[in-house]
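J.: sequence and predicted structure below; questions after.
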Amino acid sequence: MNAGSTAPLLSLSGVHTHIGAYHILHGVDLDVPAGQTTLLLGRNGAGKTTTLRTIMGLWTASAGSVRFGGADITRSATPDIARRGIAYVPENMGIFSDLTVRENLLLAARGARDADAIDAGRLRWIEELFPAMKKFRDHPAGLLSGGQKQMLAVSRAIVEPRELILIDEPSKGLAPAIIRNMLDAFRQLKAAGATILLVEQNFAFARELGDSVAVMEDGRIVHRGAMAALAADEALQQRLLGLSLGAHQ
Amino acid sequence: MKSRASLPYALVVLLALAALPLVGSLPTWATLTVAGLAMGMIVFIIASGLTLVFGLMDVLNFGHGVFIAFGAFVAMSVLAPLGAWTESASLAANLGAIGLAMLAAMAVAAAIGVVFERLIVRPVYGNHLKQILITMGGMIIGEELIKVIWGPQQIPLPLPAALRGAYLVGDAAIEKYRLLAVVVGLAVFVALLFVLERTKIGLLIRAGVQDREMVESLGYRIRRLFVGVFVAGSALAGLGGVMWGLYQQSVVPQMGAQVNILIFIVIIIGGLGSTTGCFVGALLVGLMANYTGFLAPKVALFSNILLMMAILLWRPQGLFPVARR
């Protein structure tokens, strides 16, 4: 798929973000085309998480603009940004551990007054993607394993249709079997036409999913292009991501 | 896991049972226990809003007592012209008068809560030191306003006729008003649990206490929710003020400040942000105050501080710690 062929659903232009005295993002330019999975890669501390949090309004950009679906959301409040159709899965998963799996899903389903009002078809789809969500439906989310919590976090993001899903390092700390499970789920999400901006450190995971890719370094985008091109160029991987030649083969 | 979670409930029973041999007389113990439960229920009504306010927005409101005092004074003003109802031997007329006083107290406390949140709390979100200083200042202003409106003196708030006196159960005297306090406290607890456990608003409050940033990321305006909880908590404190004033049978402008220490002990014991913890903590505090008041009056003043220390040594996050991000 050609990364540049679709109009961007999300567009960041010259975004700077300060956190207290620290200048984290230094003019980030990034386009996320509709219907594609865009990978945001980079070493630790490159500014990937800050980029997602700035998009969500959890940290306000000090300069530049964030546009979503043509509207300027740079200064919008987080709830308003979410209501425009952006789902966010943070790095820590943001699970409400005292609430049950079902209650976590109900909260994410803004249109549903109670659990019975959640779209049954969508719930079935989620339970097919992640059978643990059915098995542990009435269990406190805090008792789930790390992988199950990640599944719940992703389930929450898709329990209602969203135009864009931001996901921060979904494979972090997960066992290989769970990562394969996650990959399958994301492939199905892609097949369903979801637009995803995915932050990932695991290159093997990333290249399985990405249509386009942006690489960050020191708060800037230093590379943009098709994922297939980066996956095929080991020298570029080594230069941008510090991956050893032949890694993840 | 479950038995560990239910341990705090057992503490209430254990405390009551431990007091029995110390008190020595079963009727006296029964009287003290009902008095302790009644006091605990009133303290719970007052403190329940405060614990949610802290849990949701990390706001330390040392001015919560102002809602209690205003609630009690408004109730006194409403009951004063209703002498025909309060002096009637009819329980229904008495309860009607108290019900009106409660409604008025809750409405005024809620209105004060709106102003308090807007003018005093909102500018100091995220700064505990400023919160403590400015909310204490707010309470001092509230006290002074009460003195301006009703005067600085203590004013009697007699119980309605049908609620005076006690039922004799064997040799134990169970005061009628304390039974009413237990019933009202239980009703408030059940209502709060229903809202928190069975409604989406309650779900949002429970989630917001754990991770407000994530609640916002899901598209909910937590500030709006917080204002609602703050105002509801103020109204409950106003209701508690009515109950407390009738319990003491008098009102005084400083009553909010007097109760403040007790309610902070309760919400710390219970686990900041936990309604169930607040309920259990309030019962423990009520029972402890009444038993020690009878057994060793000189210890009574700091017995609840000792209770808090003991519980925090056992469970540093309180009896029902709220999982936070």
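T.: Sure thing, it's come through.
J.: which one is residue A:168 nearest to, not counting chain neighbours?
T.: residue A:91 (4.2 Å; Cβ to Cβ, 6 or more residues apart in numbering or on different chains). Yep, even glycine has a C-beta here, placed from its N, CA and C like the rest.
J.: what do you get for residue B:276?
T.: Closest residue in space to residue B:276, ignoring its immediate chain neighbours: residue B:320 at 5.4 Å, by Cβ to Cβ, 6+ apart.
J.: hmm, the one you found is touching residue B:280, no?
T.: Yes - between residue B:320 and residue B:280 there is a contact under Cβ atoms under 8 Å: 7.2 Å.
J.: just the helices in chain B please.
T.: Remark: helices assigned in chain B by DSSP state H are B:2-23, B:26-57, B:65-79, B:83-86, B:91-116, B:128-150, B:176-198, B:200-210, B:212-217, B:222-248, B:255-270, B:275-295, B:297-314.
J.: weakest of these in terms of mean pLDDT?
T.: Lowest mean pLDDT of the helices of chain B: helix B:2-23, a mean of 86.
J.: how about that one: buried residues?
T.: By neighbour count on 16 or more other Cβ atoms under 10 Å in any protein chain shown, the buried set for helix B:2-23 is B:8, B:11-12, B:15-16, B:19-20, B:23.
J.: before we move on, back to that, touching both of residue B:320 and residue B:280, which residues are there?
T.: Common contacts of residue B:320 and residue B:280 (Cβ atoms under 8 Å, 6 or more residues apart in numbering or on different chains): B:8, B:270.
J.: residues near residue 118, how many?
T.: All of this is about chain A. As a burial measure, residue A:118 scores 20 neighbours (other Cβ atoms under 10 Å in any protein chain shown).
J.: you looked at the wrong chain, it should be chain B
T.: Number of residues near residue B:118 (other Cβ under 10 Å) recorded here: 12.
J.: how close does it sit to chain A?
T.: Distance, residue B:118 to chain A, by Cβ to the nearest Cβ, to the nearest Å: 18 Å.
J.: ditto for residue B:177
T.: Applying Cβ to the nearest Cβ to residue B:177 and chain A gives a distance of 36 Å.
J.: contacting residues for that residue?
T.: Residue B:177 sits in contact with B:38, B:159, B:163-164, B:246-247, where contact means Cβ under 8 Å, 6+ apart.
J.: go through chain A and flag its longest helix.
T.: Ranking each helix of chain A by length (DSSP H) puts helix A:176-191 first.
J.: residue contacts, the residue nearest the centre of chain B?
T.: Closest to where the C-alpha atoms of chain B average out (Cα atoms, centre = their mean) is residue B:46, at 2.2 Å. Residue B:46 is in contact with B:64, B:68, B:236-237, B:240-241, B:244, B:259, B:263, counting by Cβ under 8 Å, 6+ apart.
J.: out of these, which touch chain A?
T.: Contacts with chain A are made by none of the contacts of residue B:46, judged by Cβ under 8 Å from any Cβ of the partner chain.
J.: between those residues, which has the most around it?
T.: residue B:68 (36 neighbours).
J.: these two touch, right, it and residue B:237?
T.: Yes - here residue B:68 reaches residue B:237: they are 5.1 Å apart, a contact under Cβ under 8 Å.
J.: what parts of chain A come near chain B?
T.: Counting by Cβ under 8 Å from any Cβ, chain A sits next to chain B at A:56, A:58, A:77-79, A:82-83, A:88, A:90, A:92, A:94, A:96-99, A:103, A:106-108, A:110, A:113-114, A:142, A:156.
J.: the helix or strand bottoming out on mean pLDDT in chain A: which residues count as buried?
T.: Least confident helix or strand of chain A, by mean pLDDT, DSSP states H and E, is helix A:234-241 with a mean of 85. By neighbour count on 16+ other Cβ under 10 Å, the buried set for helix A:234-241 is A:234, A:236-237, A:240-241.
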